[in-house]
Each structure stands twice: as C-alpha cells, then as structure tokens.
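Peer 1: with the input below, show me the fold.
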Amino acid sequence: MAPCPAVILVRHGCTALDAKGCLSGRINVGLDATGRDEAAALGSDLAVSRMAGIVTSPMKCAIETADAVAALHPGVRVEEDARLLERDCGQWAGRPRAELLAAYPDEDSAPDVEPRAAFDERVFRAFASAAERAIVAESVVVLVTHDAVIRTILTTVIGLQPKGGWRQQTGCWSRVERASEGGWVATVVDCKPTTRPFTIAP
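Peer 2: I've put the predicted structure just below:
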C-alpha cells in the first residue's frame, strides 16, 4: 500500500515580535532564543520516513525554522516560496495586535492590510502546489510559514470551523492528508513537541 500523501504545516518559532503580541507583517525578524529551541525541537518531531521537500516563506524566522528541520533530514532541500509570506499588514506591522482590534473588528476591516481575497488566493495556490507535489511523490511536503497562512489553509481550504477561531502557537505543526475519496483532511492540528497534539478523529 502506497504511503498517504500529506502536507505538514509548520508555524515558525517565536520571535521578539511574537513574544510581545505584535503583528509582524513583513518585518523580517529572526528567531529569538525561545524560537531557536522550538525550531530544534520541531526537527526531531518531524522525523518522517519519507519527505519530498521543505518549502518555506522567505522571512528569516521561517527560513531559520526550516533549516533546523532540514538539519535532521539529510538530502532534503529547503526551497523558498513568496506565496507563503505572512499577510501584509502595512502600517500595523510591529504594533500590538490588540491595538488593531481595539479600533477594528478584525484584520479584514482594518485599512492598509492585504485584502482577504488576494491573500486567500495566493495561499490557496501555495497549498495546491505542495499538495500536488505530495501526491506525485506519494510522500510528505513540509510548509514552513506563518499563523495567518496556516489558519487560512485549515479553514478556507480544508474546511475546519473551530469554535471562536484559534491562533497557531509558535513552533507548532499540523498535518493534512489526502483523503481516499479525494480532497484533504486535517488529522493533527497545532501540535508542539512539548505539548499534546489536538488530533482530529477520522
């Protein structure tokens, strides 16, 4: 029986902006000490037998996380894909998320934020490319990216409807598998090496 194609969605490790509850947008920060520990732990946690590739957002925090995962998987190349960039939040970058939410209901309502339709479209295309690659290789493709990107894949593409929504922890991973009847299903969501995963019942 052929292995089940899967896409693993990894949120990068913690940064100084994450630790302060700030929106990062396109501010190109690297991992902080906590983030480096999280990235190293992710490498061990994702010791899958077959990995077709690791694709990362071009942001420093994502690249550093992807490199930490790749370090424990010799021969697996890290590739960059700009479609995995965090949502552009313009003037709100570097400012506390609470500040935006005090003025507007959500990011979609705030001025100078990347339009939802455009954001969803590029994220969908990034996931579709990874999904096709996983199917062809009958293996796993790892995407290292950001909170908003992962949430969009899980809700808009996969169709999860979490009560009250959720934010992805830094240094966490989720697994999406190809269903036997077609389509994709989430089997693990928001798992950290140091915490118990939220597993989706089949």
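
Peer 1: in the chain, which segments are predicted with low confidence?
Peer 2: For the chain, applying pLDDT under 70 flags the ranges 1-3, 48-49, 163-165, 194-202.

Peer 1: by contact count, what packs against the single longest strand found in the chain?
Peer 2: Counting residues, the longest strand in the chain under DSSP state E turns out to be strand 184-191. In terms of contacts (3 or more C-beta pairs under 8 Å, 6 or more residues apart in numbering; DSSP states H and E), strand 184-191 is packed against strand 173-178, strand 198-199. In this view, the C-beta of every residue, glycine as well, is placed from N, C-alpha and C.

Peer 1: from the contact counts, what lies against the first one?
Peer 2: Counting contacts by 3+ C-beta pairs under 8 Å, 6+ apart, strand 173-178 packs against strand 6-11, helix 116-137, strand 184-191.

Peer 1: sheet-wise, list the partners of the first one with their directions.
Peer 2: I take that to be strand 6-11. strand 140-145 (parallel), strand 173-178 (antiparallel) (DSSP bridges).

Peer 1: touching the last one from outside, list them.
Peer 2: Which is strand 173-178. Here strand 173-178 makes contact (C-beta atoms under 8 Å, 6 or more residues apart in numbering) with 4-11, 42, 45-46, 131, 134-135, 150, 153-154, 158, 168, 184-192.

Peer 1: go again using 7 Å as the cut-off
Peer 2: Strand 173-178 is contacted by residues 4-10, 42, 45-46, 135, 150, 154, 158, 184-191 when judged by C-beta atoms under 7 Å, 6 or more residues apart in numbering.

Peer 1: before we move on, back to that, could you dump the helices and strands packed on strand 173-178 into CSV and include mean neighbour count and distance to Gln91?
Peer 2: Output for the helices and strands packed on strand 173-178, formatted as CSV (neighbours: other C-beta atoms under 10 Å; distance: least, C-beta to C-beta, whole Å):
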stretch, mean neighbour count, distance to Gln91
strand 6-11, 26, 24
helix 116-137, 17, 17
strand 184-191, 19, 29
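
Peer 1: can you list these in a markdown table and add distance to Trp173?
Peer 2: Output for the helices and strands packed on strand 173-178, formatted as a markdown table (distance: least, C-beta to C-beta, whole Å):
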| stretch | distance to Trp173 |
| --- | --- |
| strand 6-11 | 5 |
| helix 116-137 | 14 |
| strand 184-191 | 5 |
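
Peer 1: for those, which one sits closest to Ala33?
Peer 2: Nearest to Ala33 among the helices and strands packed on strand 173-178 is strand 6-11 (17.3 Å), distances taken as C-beta to C-beta.

Peer 1: and that closest one, how far out from the chain middle?
Peer 2: On the basis of C-alpha atoms, centre = their mean, to the nearest Å, strand 6-11 is displaced by 6 Å from the centre of the chain it belongs to.
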